[in-house]
Structures are given as structure tokens and as C-alpha cells.
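*Asks:* Pasting the sequence and the predicted coordinates here, then a few questions.
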Amino acid sequence: MTPPAQQETQALGALTRAREVAEDHMVRAERAGLSWREETISELLWVHTVPFVCCADFTRHEEKAVGADWLWWWVDELGECFGMLVQAKRMKLSTGGDPELDFMHNKGEQMKRLLRSADQLGVPSVYALYFGGADFRGRLTCGTDEHTEAGCRRCSRASVSVLTGLQARIAAGGSKRDAAVQSFRGSVPLEDLVDPSAAARPVHDLNLKQAVPEMRDFLTQPQSGARGVAKEVLRAISDERLMQFSAVVAERVRLHDDLIFPELPTDSGHFAEPYFPFLLRGLQSRPPSYVSDILADQPVPSEVSNLVGGVVVVRC
């Protein structure tokens with residue numbers, strides 16, 4: 001068994017290399033005047049993360065018939081896992097050169113399918129955002145205190161990033177340009193999900209006092225594996241919640257016992273639903289049986305394959 005610290009370092013290196021390959025393709029395509037495609041970027045990512053990634057790519061569904069591009073499961077050495085249902089979306093430029101993200105594709109039907117399928121599968125909905133190379137983004141920046149024009153670590157890693165469905169629903173309420181700006185700042189670079197230095201930082205969530213002791217430890221203490229991935233995704237929502245002027249709801253809800261944290265705060269802030277249950281329903285003590293089927297190169301049940309284009313299992 002690979003020690004957790006070494007596994008994290010190897011996974012980080014693999015995801016970083018994959019992002020660099022995907023970004024290089026986006027940059028070369030832009031320079032050649034070609035329109036790079038979301039499907040190509042997704043394939044480049046997973047091809048270049050082997051052996052940390054195992055994929056089950058189902059028959060090519062029509063987009064209107066499935067709920068998302070990929071179902072991702074992050075599985076660690078302890079057998080714990082974190083699932084997310086992912087829709088890939090690329091940033092485009094308007095005729096005036098402004099960055100744009102269209103979350104309301106097909107009059108919002110794509111987002112509705114994603115949310116509905118995520119509920120059926122019991123995982124959070126997430127967008128994999130492809131922002132292209134730094135030159136393609138124009139003046140789009142992360143807006144953090146650490147940002148400098150001379151060189152920003154956060155912006156340099158952001159060409160492939162993840163954004164929760166809750167954040168996307170808020171961003172979708174404005175213009176496409178505002179959605180791009182808000183999403184670039186609120187998303188998490190893909191490789192940061194397995195970066196030990198990131199997971200070591202505490203999450204300053206408004207619900208710390210309302211959380212059970214185990215949840216407070218999760219938020220404030222260093223995490224690794226599936227818990228580390230979930231913590232980094234939750235951090236992005238918590239940071240956005242800090243900027244919302246609404247009172248914290250003190251109640252908690254208890255979900256099913258297969259979850260690592262079955263008792264969760266019900267605070268929703270300005271989000272469409274309580275964000276702890278939305279996200280942490282995906283953090284489970286053991287993977288679904290179909291994940292083992294994929295690792296053993298066995299068929300996946302139709303109730304899963306009919307909802308998504310494929311399943312990705314990432315060893316973290």
C-alpha cells in the first residue's frame with residue numbers, strides 16, 4: 001500500500017502534468033485559429049493521468065439524453081471516496097473580446113439535467129471549467145490578495161478548474177461576462193484538489209459553531225485523500241458564503257449513515273439549497289459497487305450509464 005503522503009504527491013504531479021498538456025492544446029489551438037472542444041480537453045486530462053485514473057467511457061449518448069459528461073469518484077487508500085457529477089464547459093470570447101460562460105445553455109435545460117441527475121446519484125453537481133491559456137483570458141484574474149501581474153500561482157493553474165453547481169446557479173443569474181469573472185474567481189484549480197498544502201489550511205466557515213465536533217475537526221485540521229478533495233471544494237463555497245449577508249441557520253439535518261458526516265448544518269445563505277448536505281453527500285465511507293466494477297473492468301449498471309457519458313475513478 002502506498003503511503004498517503006506519497007500517494008498525494010504522485011496524484012498532484014499527475015494532475016499537474018495533465019493540466020499542462022490540456023492547456024498546451026488549448027493554447028496551440030487558439031494560436032492556430034482553431035476552436036478547441038470540451039470533449040478533447042477531457043480526454044487529454046484522463047489519458048495523461050494514468051495510472052491514477054481509470055475510466056469507463058460509455059457509448060456516445062446524445063447530449064440531450066444524459067445528465068452530465070462524467071461522474072467522478074475520488075477514491076483513497078482507506079477506501080473512502082468523494083463523488084461529483086461533472087459537466088464540462090469552456091469559456092468563450094464575445095465578438096468584443098470579453099470572456100463569457102454560458103451556464104444557461106439550451107434555455108437552462110443542460111443545468112436542470114445536471115442537477116436532476118446529481119440528485120439521483122446522490123452526489124453534488126460540479127462544472128469542469130476550461131479557461132484556456134493566460135493570453136486567451138485577457139484581463140480575467142483570480143482577484144486574490146496574492147495576485148500579481150508578474151506571476152500568479154493561482155492564475156497559472158486555473159486553465160482547468162472546478163465550480164460547484166450551487167455557485168454556478170448564482171453566476172447564471174447575471175450576464176455571461178459576469179458569469180466568467182465570478183466563476184474564474186470562485187472556482188478551484190483541478191490540481192489544488194489533491195495539493196497537501198491546500199488541504200492543510202483551515203476552512204473559515206460561518207457554520208463552525210453549529211457543526212458537530214467531527215465536522216469542526218474536518219474543517220480546521222489538515223485532510224488527505226477523499227476528505228482533502230471534498231474539503232477544497234467546500235472551501236470555495238464557504239468563502240462565497242462569507243460574502244453573503246444573511247443570518248446563519250442553527251439547525252442540523254441527519255442524512256444516511258454511509259456518509260462520513262451524516263449530520264450536517266442546514267444553512268443555505270443565498271444558495272438555492274443548504275450547501276453542506278449538497279456537497280458532503282458525495283463524501284462516503286465506501287465507494288458504490290459500480291466503482292469496483294469499473295476497476296475490475298466489469299459492466300456498469302444501466303441506471304448509472306444512462307445518466308452520464310462516463311465514469312472516472314481517480315486514486316487519491
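*Replies:* Looks like it came in fine.

*Asks:* so where's the stretch 1-150 of the chain shaky on pLDDT?
*Replies:* 1-6, 59-67, 150 (pLDDT under 70).

*Asks:* Let's verify the residue nearest to residue 99 when sequence neighbours are not counted: helix, strand, or coil?
*Replies:* Nearest residue to residue 99, sequence neighbours excluded (CB to CB, 6 or more residues apart in numbering): residue 180, at 4.0 Å. (Each C-beta comes from the backbone N, C-alpha and C, glycine too.) Following DSSP: H, G, I helix; E, B strand; the rest coil, residue 180 is assigned to helix.

*Asks:* quick one, longest strand in this protein?
*Replies:* strand 81-90 (DSSP state E).

*Asks:* How much space separates the residue nearest to residue 99 from residue 240?
*Replies:* Residue 180 sits 16 Å away from residue 240, going by CB to CB, to the nearest Å.

*Asks:* So between those two, which is more surrounded?
*Replies:* residue 180 (26 against 20; other CB atoms under 10 Å).

*Asks:* Report pLDDT for the more buried one.
*Replies:* Residue 180 is assigned a pLDDT of 97 by the prediction.

*Asks:* Likewise for the one 10 residues further on?
*Replies:* Note for residue 190: predicted pLDDT of 97.

*Asks:* hang on, it packs against residue 131?
*Replies:* No: in this structure, residue 190 is not within contact of residue 131 by CB atoms under 8 Å, at 11.1 Å.

*Asks:* quick one: common contacting residues for the two?
*Replies:* 160-161 (CB atoms under 8 Å, 6 or more residues apart in numbering).

*Asks:* Spit out the contact partners of residue 216.
*Replies:* residue 208.

*Asks:* ok, which stretches of the protein are helices?
*Replies:* 4-31, 38-47, 109-121, 153-156, 165-171, 176-186, 196-199, 213-220, 225-242, 275-280, 289-295, 302-305 (DSSP state H).

*Asks:* Let me have those in TSV, extended by distance to residue 79.
*Replies:* Formatted as TSV, the helices of the chain follow (distance: least, CB to CB, whole Å):
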stretch	distance to residue 79
helix 4-31	12
helix 38-47	22
helix 109-121	19
helix 153-156	32
helix 165-171	26
helix 176-186	31
helix 196-199	18
helix 213-220	17
helix 225-242	9
helix 275-280	17
helix 289-295	10
helix 302-305	20
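
*Asks:* Of all those, which one is nearest residue 76?
*Replies:* Among the helices of the chain, the nearest to residue 76 by CB to CB is helix 225-242 (2.9 Å).

*Asks:* Can you give me the buried ones in the closest one?
*Replies:* 225-238, 240-241 (16 or more other CB atoms under 10 Å).

*Asks:* just to revisit the earlier point, what's the angle from the longest strand of the chain to helix 38-47?
*Replies:* 140 degrees (axes from the mean of the first three to the mean of the last three CA atoms, to 10 degrees).

*Asks:* residue nearest the centroid of the chain?
*Replies:* The centroid of the chain falls nearest to residue 162 when counting by CA atoms, centre = their mean (3.7 Å).
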